[in-house]
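>>> just coords:
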């Protein structure tokens, strides 16, 4: 049975880390988004992090601009793979042991209904050895 989570946060992508002579530093917006995602999921899930092969489906609902009132899919930034990276890293140690455990992932970007703020839905399920994920 899949686990489902709703995160009341505008979808955004993981931003490039800054490299300085003192080391590598996460972008402040990325750090804040990861903390918000982790907090939202911790409020909904108190179990142990999942281990083994996992399937993850992410539905990212972006705030709808007025110019896109008839569009369904959000074909704008952020890129779907950057949304996946942000969520994968944010939930490491909380929802899954390591994001390398995700063997099947999908991210779909939609526009939210008019006048509604953006949000993220995550569905996680285990892949069984006997069943093809």
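Okay, I see it. All values reported here derive from a predicted model rather than from experimental measurement.
>>> CA only for contacts and neighbour counts going forward, please
OK.
>>> From residue 79, how far out is the residue of the chain positioned farthest from its centre?
Distance from the C-alpha centroid of the chain peaks at residue 21, with 30.5 Å (C-alpha atoms, centre = their mean). According to C-alpha to C-alpha, to the nearest Å, residue 21 and residue 79 sit 29 Å apart.
>>> Ok, residue 110 next?
From residue 110 to residue 79 the distance is 12 Å (C-alpha to C-alpha).
>>> So between the two, which is more surrounded?
Comparing residue 110 with residue 79 by other C-alpha atoms under 10 Å, the one with more neighbours is residue 110, at 21 against 15.
>>> Find the nearest non-adjacent residue to the more buried one, please.
Using C-alpha to C-alpha, 6 or more residues apart in numbering and skipping the chain neighbours, the partner closest in space to residue 110 is residue 73 (4.3 Å).
>>> go on, residue 95?
residue 49 (4.6 Å).
>>> doesn't residue 97 make contact with that neighbour?
Yes: in terms of C-alpha atoms under 8 Å, residue 49 counts as a neighbour of residue 97; the distance is 5.2 Å.
>>> State whether residue 100 is indeed within a helix.
Yes: applying DSSP: H, G, I helix; E, B strand; the rest coil, one finds residue 100 inside a helix.
>>> Centre of the chain to the helix ranked longest in the chain, how far?
The longest helix of the chain (DSSP state H) is helix 28-44. Remark: helix 28-44 is offset 10 Å from the chain centroid, using C-alpha atoms, centre = their mean, to the nearest Å.
>>> In that helix, which residues are buried?
The neighbour-count check on helix 28-44 (16 or more other C-alpha atoms under 10 Å) flags 30, 33-34, 36-39, 41 as buried.
>>> what's in contact with that helix?
5-9, 12-15, 86-87, 89-91, 94-95 (C-alpha atoms under 8 Å, 6 or more residues apart in numbering).
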